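Asker: Let me see the structure of the following:
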Amino acid sequence: MKKTIQLFSILILWYGLQEPRAIAQTEQGPNTNEDVPPSSNGEEKTIHIYLQSNNKKRSSSKTSHYFVFDLGLNNYLKDGEFPDENNAPYTVKPFGSWFVELNAINETHISGSLHLQWGAGVNWYNFKFENRAIRVTNEAGFVAFEEDERNIRPIKSKLTASYINLKLVPMLDFGKDKGVHSWCQREHSDGFRIGLGAYGGYRLGHLTKFVYEEQGNKRKDKSNDNLLLNNWRYGARLQFGYKDANFFVNYDLNELFSEGRGPQLNAFSFGVSL
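Answerer: Residues are numbered from 1 along each chain as shown. Next comes the predicted model:
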């Protein structure tokens, strides 16, 4: 771990030194002393010639690199409907079921207004159930959502799942690009932009958490037992923004649970990109 931190620090330092050095090389103009033959009266003359740089900016790379933090809400649909329309036990809270994703993004300028965003990231689904007494279990190879009937006061019940993802999103940017102003943050253009692309991911893990009060004591039951979640995740992503405001919508085309082992749910998320 220590060697990794040191290597990462060296890379950051190296990256940071590139821009000042390039600027210094651009601004430095060669000073030339040119000796000329002696004049007719025998006196030696020296002519000092100073060449000054025009300080032109380097042509920027067509690909920029930055980090994006997605924060929003997640839910799922069953046959195009929200589960609460049928009073399903796996209904989640519309507010409080948070979606979080950390992304390392590359953006390549193709031509004109066309850009291509591509990169990788890690996301976390948090499905917080509307019925706080619901517990998710694996019953003989099938996912079960059952209400805890003990003499307790349920406080919170949720299912979380994490995935590592790759994404590819063509973008149309109709504003003037301000470029990248640091190694980790992009300054967005001053106009409207929109893009539609795809993503695919692999599940890293999952966890169920059930919080309740029993005889005046607060308890937490956590479990990562096999809940037959789908190992893969893939879908469509919509991105749009104006100036410094950016938004996203993700929709999983495959089901959350393995086929035939649980309810047919397609997860989706939406929010802001920071």
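Asker: Only C-alpha atoms from now on, for both contacts and neighbour counts.
Answerer: Noted.
Asker: In which helix or strand does the spatially most central residue of the chain reside?
Answerer: Most central in the chain under C-alpha atoms, centre = their mean is N103, positioned 2.8 Å from the mean C-alpha point. Per DSSP states H and E: N103 is located in strand 98-111.
Asker: Enumerate the positions of that strand that are buried.
Answerer: Within strand 98-111, the residues that qualify as buried are 98-109, counting by 16 or more other C-alpha atoms under 10 Å.
Asker: and if you look at stretch 240-259?
Answerer: 240-242, 246-252, 254-258.
Asker: average pLDDT for that stretch?
Answerer: Stretch 240-259 shows a mean pLDDT of 97.
Asker: Quote the end-to-end distance of that stretch.
Answerer: End-to-end distance for stretch 240-259: 33 Å, by C-alpha to C-alpha, to the nearest Å.
Asker: Look up how far N87 lies from the residue nearest to the centre of the chain.
Answerer: Counting by C-alpha to C-alpha - N103 and N87 are separated by 35 Å.
Asker: Which parts of the stretch 151-274 of the chain are strands?
Answerer: 153-173, 192-214, 217-223, 232-242, 245-252, 266-273 (DSSP state E, counting those that start in this stretch).
Asker: Mind listing residues that contact the fifth one?
Answerer: What it means is strand 245-252. 70, 233-241, 266-274 (C-alpha atoms under 8 Å, 6 or more residues apart in numbering).
Asker: check which helix or strand covers the residue nearest to the residue nearest to the centre of the chain when sequence neighbours are not counted.
Answerer: Leaving out its chain neighbours, the residue that sits closest to N103 by C-alpha to C-alpha, 6 or more residues apart in numbering is G121, at 4.0 Å. Following DSSP H and E, the helix or strand that holds G121 is strand 114-128.
Asker: what packs against that strand?
Answerer: strand 63-77, strand 98-111, strand 153-173 (3 or more C-alpha pairs under 8 Å, 6 or more residues apart in numbering; DSSP states H and E).
Asker: Need the ones you listed in TSV (columns: distance to L227).
Answerer: TSV is the format used below for the helices and strands packed on strand 114-128 (distance: least, C-alpha to C-alpha, whole Å):
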stretch	distance to L227
strand 63-77	17
strand 98-111	20
strand 153-173	10
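Asker: Break the chain down into its structural domains.
Answerer: 2-50, 64-273 (automatic domain parsing).
Asker: any idea which of those scores lowest on pLDDT?
Answerer: For the domains of the chain, where the average pLDDT is lowest is domain 2-50, sitting at a mean of 46.
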